[in-house]
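Okay, sequence plus prediction incoming.
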Amino acid sequence: MSTAPRLAAAKRDWGSDETDCTVLHIDMDAFYASCEVARHPELKGQPLIIGTGPRSVVSAASYEARQFGINSAMPVSRAQRLCPQGIFLPVDIRYYRTISSRIFSTVFARITNQIEQVSVDECYMDVSGTLRQWKRPSNIARWIREQVASGFHVTCSVGIASNKLIAKMASTNAKPDGMLLIPKTQQAQFVQLMPLRSIPGIGQSLEKRLKAWGIDDVATLSRCSEEELFQATGSHISAHGLFLASHGLDELPLQTHSQEKSIGAERTFLHDTTSLSNVSGLLRQCSDEVATSLRKRQLLARTITVKLRFEDLHYATKSHTLQKPVNSAADIYPEALRLLHSMLDLDETQINRGELPRLIRLAGISTSGLSKVQDTLIQPSLDDILQEEQPETEHAQRSQLAHAERILDSIRGRYGKDSVKLGL
Ligand SMILES: [Mg+2]
């Protein structure tokens, strides 16, 4: 649920010139709440809040609930005070993910494979390759909105522009249930209408810094040189990004899966083995190697694949795509083990006995669905908000392990790659 500021004045007709406007940003409206209404139609029109428990935060709120001043990440206890008559439901992330992946596979994927999924309810789409068929990007946006609404009872807002920054800001200002096209010739004027916080990446502290320099809005920002912005922010990267953004420009390409390669590691055993601990030990080593090279290249991976070669030289592979991209062995290894158990169809007894039904000659892991860390972590997803709400234990344990792995990286950098091993 986006808390980026919207501006009534921005939601107007900016013209119909769609030249070069091949980037769509699609954002489903109040997604968790819409999913709940889809399976409980009697809740339609009610102030609905997803998130329960006195120590939790709100994960999503219907537009009716937002009229009471409720928004995401607000403590549930506060939301209850603001709207005592509200309907509070627990988060059912598995159900929302199922709906999301159906929408992606049955609607979005029918347009193009040039899709960058940002979170469970949000993506960018490059439609330049499909215009021969669809003629105009707005035709695609309209079709998507109809399909998602009629097939899933979820409304979505779509921004259409020449780059990701403007497409995202356009969808924010199109909400709820709207569509906004910003022609390329209007994009500078559009951003310069906005408050500072409407630019993704300008948070509370950067806003404070800019305001201390007398920069109160995007229009003022656009009159600063890159050098002045460097003085204000102390960072060349921020200065460059702000300079571009204030003129409605964005150089970041879409991180679509088709551009990506994979990163993997595999080993052949000295002797073919049926020992589960040998195979899982090797997978642990491979997880560590793969995670280290992902981090070295500043990448995150979404899909984990386990590969086995048997004594008869036949191969088997099995993959799983995670909702949240990862680059630590603490996240990759447990997933690889689950895949190993399921591809060999192991039951509890076999796992306890540690004996595999077939001789294994080689085992390995590869990761794909890669994206750059800095492009992936710009916006907190609904999942991030949700995780704050989940019990400490597993999440905290994994993030501690991931932190330990980053320390290992620096030790290995100094003393060589075999100097330390990870005990998972
Ligand atoms: Mg949304």
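Perfect, I can see it now.

Relative to the whole chain's centre, how far out is the longest helix seen in the chain?
Ordering each helix of the chain by length in residues (DSSP state H) puts helix 392-415 first. Its chain's C-alpha centre and that of helix 392-415 lie 22 Å apart, by C-alpha atoms, centre = their mean, to the nearest Å.

Could you check it and say which residues are buried?
By 16 or more other C-beta atoms under 10 Å, the buried positions in helix 392-415 come out as Leu401, Ala402, Glu405, Leu408. (Each C-beta comes from the backbone N, C-alpha and C, glycine too.)

How about stretch 263-280?
Ile263, Gly264, Ala265, Glu266, Phe269, Thr273, Leu276, Asn278, Val279, Ser280.

Next, find the distance separating the second one from the ion.
What it means is Gly264. Gly264 sits 34 Å away from the ion, going by C-beta to the ion, to the nearest Å.

do the same with the last one
Here Ser280 is placed at a distance of 39 Å from the ion (C-beta to the ion).

again with the fourth one
Distance of Glu266 to the ion, computed by C-beta to the ion: 39 Å.

What values do phi and psi take at that residue?
Torsion angles at Glu266 (phi, psi; degrees, to the nearest 10) stand at phi -150, psi 160.

Settle this for me: it is touching Cys286, isn't it.
Yes: taking C-beta atoms under 8 Å as the definition, Glu266 is a contact partner of Cys286 at 6.6 Å.

how would you label the residue of the stretch 201-350 of the chain found nearest the ion: helix, strand or coil?
Using C-beta to the ion, Gln323 is the residue of the stretch 201-350 of the chain that sits closest to the ion, at 15.0 Å. State at Gln323, reduced to three classes by DSSP: H, G, I helix; E, B strand; the rest coil: strand.

just Tyr96 next, same as before
Strictly by three-state DSSP, Tyr96 counts as helix.

so who does it touch?
Phe31, Tyr32, Cys35, Val120, Asp121 (C-beta atoms under 8 Å, 6 or more residues apart in numbering).

Distance to Arg78 and pLDDT added to the buried residues of stretch 263-280, as JSON lines?
As requested, the buried residues of stretch 263-280 are exported to JSON lines (distance: C-beta to C-beta, whole Å; pLDDT from 0 to 100):
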{"residue": "Ile263", "distance to Arg78": "44", "pLDDT": "89"}
{"residue": "Gly264", "distance to Arg78": "47", "pLDDT": "90"}
{"residue": "Ala265", "distance to Arg78": "48", "pLDDT": "91"}
{"residue": "Glu266", "distance to Arg78": "51", "pLDDT": "88"}
{"residue": "Phe269", "distance to Arg78": "58", "pLDDT": "88"}
{"residue": "Thr273", "distance to Arg78": "57", "pLDDT": "95"}
{"residue": "Leu276", "distance to Arg78": "50", "pLDDT": "96"}
{"residue": "Asn278", "distance to Arg78": "54", "pLDDT": "95"}
{"residue": "Val279", "distance to Arg78": "51", "pLDDT": "96"}
{"residue": "Ser280", "distance to Arg78": "46", "pLDDT": "96"}
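
Can you add secondary structure and give those residues back as TSV?
Formatted as TSV, the buried residues of stretch 263-280 follow (three-state DSSP):
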residue	secondary structure
Ile263	strand
Gly264	strand
Ala265	strand
Glu266	strand
Phe269	strand
Thr273	strand
Leu276	helix
Asn278	helix
Val279	helix
Ser280	helix
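
quick one: which of those residues is nearest Thr367?
Ile263 (5.3 Å; C-beta to C-beta).

bridging residues for that closest one?
Following DSSP bridges, Ile263 is listed with bridge partners Thr367.

Equivalent analysis for Leu48, please.
Counting by DSSP bridges, Leu48 forms beta bridges with Ile87.

Against Glu36, how distant is it?
Leu48 is 6 Å from Glu36, where distance means C-beta to C-beta, to the nearest Å.

Show me which of these two is the more surrounded one.
Using other C-beta atoms under 10 Å, the more surrounded residue of Leu48 and Glu36 is Leu48, with 26 against 23.
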